[in-house]
Structures are given as C-alpha cells and as structure tokens.
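Colleague: just need the structure, nothing else, for what follows:
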Amino acid sequence: MNESTSSSLPPVGPNLRLGVLGGGQLGRMMIQEAMNWDMRVEVMDPSEESACRNLTPRFVLGDLTDAEQVLAFGRDLNVITVEIEHVSVDGLKALVEQGVEVVPRPEHLGLIQDKGLQKQAYERWGIPSSPYRLIESIDEVNAMGFPIVQKLRKGGYDGKGVQVLKSKEDAAEFGFDAPCVLERAIDIDKELSVIVARNARGETAVYPVVESVFNAEVNLVDHLMAPAAISSQLETQARELALDVVTSMDFRGLLAVEMFLDREGSLWVNEVAPRTHNSGHHTIEGNVCSQFEQHLRAVLNLPLGDTSPLHPASAMLNLIGAPDAHGTPVYEGLKDVLALPNVHVHLYGKSTVKPHRKMGHVTVTGPDVTSVQRDVLKLRNRMRVSGSKSS
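Modeller: Below is the predicted model of the structure:
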C-alpha cells in the first residue's frame, strides 16, 4: 500500500482547501458534516441552482466532463473528491500530475463510469456477478435470449439507462441502440447494499447491510430498511463480499456496493458507486459515524469512524416530486411529520420540483424493523412534494 501524500495536507480546518465535483444533495450533506470541522468546501456544478451553492465560499459554474474546466477548478486545491462519477477523468489525472490529491483515484472513476469495464473487472477478481455479454448496438440485443437486463455502458444514473427486456418486442420498443451490457435476469429475492470506506493506509470500515425497496414505476428506491431482513450468515457474507470488491480494486474513498440476493440464497454484485449513496442516508441519525463524515475521513486519510448502529432499527424514505409536480416545491404534510417522534426530515434545497425528482428524505428510528417499516409506510401517505408555479 502506497502511503498517501495526505500527510502533507494542511490540518483539517479553514486552511485545508477541499473541492467537490458536483453540487447536488450528496455534496450538500457532505458540506453540512464538513462544517462541524470548520472546513470550507469548494464546489463545481453545471447548474446555477445547485443545492450546494449557498453553502460554499466558492462556487464554480462549469461542465464536470470538460477536462480544462475541471483542471481550472481544482489546480489550487489541496484535495478534490466527487459526489457524482460522471466527471472528466482526464482532468482529474492532470490535477494528480500537478500534485493535487484526488479521491477516489481517476482510474477508478474511469472503471466505474463504464458498466462493461465493471463487469470485466468482477470477472477478473472472481466477484460473483450475473452472467453478461457486451454489445455495440441494438442488432445484438438477442445475444443472450430473454428476459435480460440491458444497461448503457456509459451515462446511466439513478435508474436511468437500464431496461428490463422480456421479449424481442420489448427490445424493438424500448432497447438502447448504443454500446451496452446485457445481463441475465436474476430471480431477485432482495436488493441489498453495503457501504465500505477505505483510507490510504488500507484501513477499512464496513456498514451493516441495508435492504432497498424499489418503486418499480419510476425505477427509484422508495425506502430502505436497516438492518436488512437477512440471516446473520448472509450479513457476514455480504459484508465480506463488499470488502472483497474494495480490496480487489485497491480503492480509496467511500464505495457503495449494490447486491442482489437471489431466491436460492446466493449473493451477486450488481454495481458500485464511488461516493456517498442513497442507501446510506439513514446513517446520519442511524449510525455513530454518518456516511458523509466517513467519506471525509477516507478522503483526508483520517482514522475511520465507528459504523455501529445507534438504534435497533432505522429506515429512510425518499421524498420525490409528485407525478404532477412542477415549479417551486411545496412540502405538504411537513408540519404533521415533524410532530412525530424519532422522525428526521432532510430537504435538499432544490429550487424547482419535477415529477419523481429527489427532493429530500426522511429518517425513522425505532425499537425494531417491523415498527419502523410501519411508520415509514404511514409517512409515505402523510407527506407529499407538490409544486407551485407562482414565484
């Protein structure tokens, strides 16, 4: 393990210049943690309405995929990280050459940006993942038969760029005509996630396994439960599998490892995200060290935090825009929700709501999974994000 140059960084505090590529809700929650350490996080984002804009001393409006703009943003920083993986790898490599710390490494971002390279890496490392084929166009979409999952190799995000194709007719109507990964459809029992942190010294911290419950209509996580409703043996296997991915990659930073548990009890790695992740939002209230603080610790090569749960059970409900929501967000039912015990509301500061856009989340803690899940399902009906077109 090569020791990081982090030993030469200024002490944590206002003199340490940390930049983040991406100014959405993940960056916003990271900045909120950084404020506890008196750190000023600088942000680059392509949107003038970035959720981070009012929380940073330096906001740069720019194209995250443009190498020259990334280089210009980061050249005077001590260290730079990401809250989204779709950034210029070439720009980050140039920053490394100029002595700027980049976490995660640019080559890891390049690997993760391409789902085809991800699948090939899992195969090399002996990581269980669903059987696959790489194709160049829609003409090859029947290479594995049906049903299959078709994923764009590049550019997919938050459920976009993924299609389940059950027949040739589905392929003709919905298939992507671009370089893709075809995966054999897994008979899924549960969708699980494990978040792992690893610093430059090779120290690791692994969070308990969480279970994601999806909204099939919009292909987004509706809510998640922690701990996952699995056996202690599967809990251990899933955490060990996530560690295998991190160590095989020699990754540094925070990595979310998404998995499938099939109906025969086998675990399969689906994809990874090299950043904080929706499946770790509950850790703000649910664990000793939140994923956002942990990300900072890993990026700055600090001792990693305690991942232990603070409560027997916790859950997170995504707040997304209603199907007809447009304009300025209106958080219906917020007052009633805030009156409930063990409920914590996080709104992301987005000035505009759109149908199914992530606008915030709610964390619930409690004495057991059953009661927490019951409360989450009640909350789903009590709070709604609509919109007002009036200024």
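Colleague: so the closest residue to D38 other than its chain neighbours, which state does it fall into?
Modeller: Nearest in space to D38, with sequence neighbours left out and distances taken as C-beta to C-beta, 6 or more residues apart in numbering, is G13 at 5.0 Å. Heads up, the C-betas are built off the backbone N, CA and C, glycines and all. Secondary structure for G13, judged by DSSP: H, G, I helix; E, B strand; the rest coil, is coil.
Colleague: my guess is L192 contacts S212. True?
Modeller: Yes: assessed by C-beta atoms under 8 Å, L192 is found in contact with S212 at 7.2 Å.
Colleague: identify the residues contacting the spatially most central residue of the chain.
Modeller: With distances taken as C-alpha atoms, centre = their mean, H277 lies nearest the centre of the chain, 2.5 Å away. Each residue near H277 by C-beta atoms under 8 Å, 6 or more residues apart in numbering is listed here: L26, S193, I195, A256, Q291.
Colleague: looking at this, the third one is in a strand?
Modeller: Going back to what we said before, that points to I195. Yes: under three-state DSSP, I195 sits within a strand.
Colleague: near it, how many other residues are there?
Modeller: I195: 26 surrounding residues under other C-beta atoms under 10 Å.
Colleague: same thing with V353?
Modeller: Burial of V353 is recorded as 23 neighbouring residues (other C-beta under 10 Å).
Colleague: what's the answer for E42, then?
Modeller: By other C-beta under 10 Å, neighbour count at E42 equals 20.
Colleague: cool, the one 3 residues further on as well?
Modeller: Around D45 there are 25 other residues, counting by other C-beta under 10 Å.
Colleague: for K93, same thing?
Modeller: Quick note: K93 (other C-beta under 10 Å) scores 19 neighbours.
Colleague: could you number the chain from 13 rather than 1 from now on?
Modeller: Okay, residue one is now 13; in that scheme the one you just asked about reads as K105.
Colleague: surely it meets H120?
Modeller: No: using C-beta under 8 Å, K105 is not in contact with H120, being 11.7 Å away.
Colleague: the helix or strand encompassing T259: what's the following helix or strand?
Modeller: Assigned by DSSP states H and E, T259 belongs to helix 244-261. Using DSSP H and E, the helix or strand that directly follows helix 244-261 along the chain is strand 265-274.
Colleague: return the set of buried residues in that following strand.
Modeller: G265, L266, L267, A268, V269, E270, M271, F272, L273 (16 or more other C-beta atoms under 10 Å).
Colleague: export these to a markdown table and tack on pLDDT and distance to I242?
Modeller: Below are the buried residues of strand 265-274 laid out as a markdown table (pLDDT from 0 to 100; distance: C-beta to C-beta, whole Å):
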| residue | pLDDT | distance to I242 |
| --- | --- | --- |
| G265 | 98 | 26 |
| L266 | 98 | 22 |
| L267 | 98 | 20 |
| A268 | 98 | 17 |
| V269 | 98 | 15 |
| E270 | 97 | 15 |
| M271 | 98 | 11 |
| F272 | 97 | 12 |
| L273 | 98 | 7 |
